[in-house]
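S.K.: With the input below, show me the fold.
(one chain, ligands or ions: 2)
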Amino acid sequence: MRVVLKLGTSVLTGGSDRLCRPRMVDLMRQMAALQGAGHQVILVTSAAVLAGWEALGFPPRTRTVAEKQLLAAVGQGVLMQTYGALAEIYGVKVAQVLLTAGDFRDRTRYLNARTTLDGCLARRILPIINENDAVATSQLKVGDNDTLSAFVANLAEADLLVILTDAPGLYTADPRTHPEAVLIPLVERIDAGIWEKAGGAGSHRGTGGMHTKIQAAEIATRAGTPVIVAPGDAENALLRAVSGEAIGTRFVGHGSRLEARKRWILAEIASGQIELDAGAAKALRERGSSLLAVGVRSVVGEFERGHTVRLLSPSGEEMARGLTRYRSGDLRRVAGLRSSAIEAALGFSDGPEVVHRDDLVLL
Ligand SMILES: Nc1ncnc2c1ncn2[C@@H]1O[C@H](COP(=O)(O)OP(=O)(O)O)[C@@H](O)[C@H]1O
Ligand SMILES: N[C@@H](CCC(=O)OP(=O)(O)O)C(=O)O
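M.R.: Ligands and ions are numbered 1, 2, ... in the order given. Presented below is the predicted three-dimensional model:
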């Protein structure tokens, strides 16, 4: 099995202000055991910011972007050094891959990242991934490592995504504020009821809390990869999750595995959205048609040719994602026009399809 493992700051610190080496060595032992059993493991790690803060002797925090970037730049090195030393104990080799949103948006960079990951796995090297916090600005960031791990799971076409955290799984409400909450062991569909359970922003060290874990589960399960959110401090949590034992919350993967290109479309961050009229929504859904300008009601946000956009039905529901062949400004000018009128309106035409059926994934 190809497994993506995401370790949150909460797990790597054991709830303290420092990297918890005993915890990390135990997790490395489990990763090495999986590798030894023939599985392929990709690690998505958080805690660079925390490690930087620890390494600098806990200076007062300003919580600015610049401070976070500085701490991440210091801490990422510490994090890799720590993983490297622990991996050596088990004879595991490690590689560092730092990614950010642009690497999922740009087809060439996306394919390069995939080649590097495949190369590592073929040589039994453990790729250790984090967001490239030191250079990424907020608008160009994935923003949280739960979502990043789902993008990585899609990119690597993983069989399983395991998110270890400081909660025992998804509860009916935030267990920190609702002691009566109980564990939800299985989620077949991520509906409004599941989103409601997500609560607030997580622990004071983590980013996003359960909300981003559900978001990650949605991205990965849509592409057919099941997701397990489980407690990082439970004995052999990773090994148990991979062996299929009931632990934490399991989100069921949906549908058949999408072919690589369609996975890429889903893995990407949407730059904007296109609202369709009823006829276009029906043609896409029932006849597998491409989207033509005539079916475009309105355009939200700014995007370039080749970017991923959300396609919304007339009721406002996201019904598909695809790569647009027209940039947002041009599309606004041709919305509702027949294909033959595009050239007269723009002075050029990039073809009749706004989103070609080959570049479209229905949700
Ligand atoms: N419904 C819920 N079930 C479980 N945990 C929840 C829920 N809603 C919010 N949380 C909170 O999410 C936290 C985990 O997220 P976070 O602190 O970001 O961890 P990590 O660093 O692992 O990403 C838990 O400590 C928990 O308090
Ligand atoms: N990239 C950041 C972590 C961002 C993040 O999502 O944190 P967490 O919620 O602890 O998984 C870091 O390395 O500090």
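S.K.: residues making contact with stretch 354-363?
M.R.: Defining contact as C-beta atoms under 8 Å, 6 or more residues apart in numbering, one finds that stretch 354-363 is touched by 222, 258, 261-262, 265-266, 274, 284-285, 288-293, 296, 309, 311, 318-326, 331. Backbone N, C-alpha and C define where each C-beta goes, glycine included.
S.K.: switch to 6 Å and redo it
M.R.: Here stretch 354-363 makes contact (C-beta atoms under 6 Å, 6 or more residues apart in numbering) with 262, 265-266, 288, 290-291, 293, 319-324, 326.
S.K.: Narrow these to those in helices?
M.R.: 262, 265-266 (DSSP state H).
S.K.: now those in CSV, with distance to residue 344 and pLDDT?
M.R.: Output for the ones in helices among the contacts of stretch 354-363, formatted as CSV (distance: C-beta to C-beta, whole Å; pLDDT from 0 to 100):
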residue, distance to residue 344, pLDDT
262, 34, 81
265, 31, 85
266, 35, 84
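S.K.: out of the residues you listed, which one sits closest to ligand 2?
M.R.: Lowest distance from ligand 2 to the ones in helices among the contacts of stretch 354-363 (C-beta to the nearest ligand atom) belongs to residue 266, with 20.2 Å.
S.K.: For the closest one, which non-adjacent residue is closest in space?
M.R.: Distances taken as C-beta to C-beta, 6 or more residues apart in numbering place residue 223 nearest to residue 266, at 5.3 Å, with adjacent residues excluded.
S.K.: can you give me the helices for the protein?
M.R.: Going by DSSP H, the chain shows helices at 9-13, 21-36, 48-55, 65-89, 101-105, 107-122, 145-155, 192-196, 209-222, 237-243, 260-267, 278-287, 328-334, 342-346.
S.K.: Can you flag the buried ones in the contacts of stretch 354-363?
M.R.: 262, 265-266, 290-291, 293, 319-324, 326 (16 or more other C-beta atoms under 10 Å).
S.K.: Pull the most distant pair out of the residues you listed.
M.R.: Farthest apart among the buried ones among the contacts of stretch 354-363 by C-beta to C-beta are 266 and 293. That separation is 24.1 Å.
S.K.: which parts of this protein sit against ligand 2?
M.R.: The chain comes close to ligand 2 at residues 8-10, 46-49, 72, 130-131, 133, 144-145, 206-208, as judged by C-beta under 6 Å from any ligand atom.
S.K.: if we go to 8 Å?
M.R.: With C-beta under 8 Å from any ligand atom as the criterion, the chain meets ligand 2 at residues 6-10, 12, 45-52, 68, 71-72, 75-76, 79, 130-131, 133, 143-146, 148, 165, 202-203, 205-209, 212.
S.K.: Let me know the angle separating the one helix or strand in the chain whose mean pLDDT sits lowest from helix 145-155.
M.R.: Counting by mean pLDDT, DSSP states H and E, the chain has its least confident helix or strand at helix 260-267, which shows a mean of 77. Orientation check (axes from the mean of the first three to the mean of the last three C-alpha atoms, to 10 degrees): helix 260-267 against helix 145-155 gives 170 degrees.
S.K.: Please compute how far helix 260-267 lies from its chain's middle.
M.R.: 12 Å (C-alpha atoms, centre = their mean, to the nearest Å).
S.K.: now do stretch 249-268
M.R.: For stretch 249-268, the distance to the chain centre is 11 Å (C-alpha atoms, centre = their mean).
S.K.: How about stretch 273-292?
M.R.: Counting by C-alpha atoms, centre = their mean, stretch 273-292 comes out at 27 Å from the chain centroid.
S.K.: before we move on, what about stretch 304-318?
M.R.: With C-alpha atoms, centre = their mean, you get 19 Å for stretch 304-318.
S.K.: what pLDDT, on average, does it get?
M.R.: The average pLDDT within stretch 304-318 is 93.
S.K.: ok, and what's touching that stretch?
M.R.: Counting by C-beta under 6 Å, 6+ apart, 265, 268, 270-276, 278, 281, 303, 319-321, 323-324, 327 sit against stretch 304-318.
S.K.: One more pass at 8 Å, please.
M.R.: By C-beta under 8 Å, 6+ apart, stretch 304-318 touches 105, 107, 265, 268-278, 281, 284, 291, 297, 303, 319-328, 350, 355, 360, 363.
S.K.: Look up how far residue 185 lies from the residue nearest to residue 266.
M.R.: Counting by C-beta to C-beta, to the nearest Å, the gap from residue 223 to residue 185 is 22 Å.
S.K.: Also residue 344?
M.R.: 59 Å.
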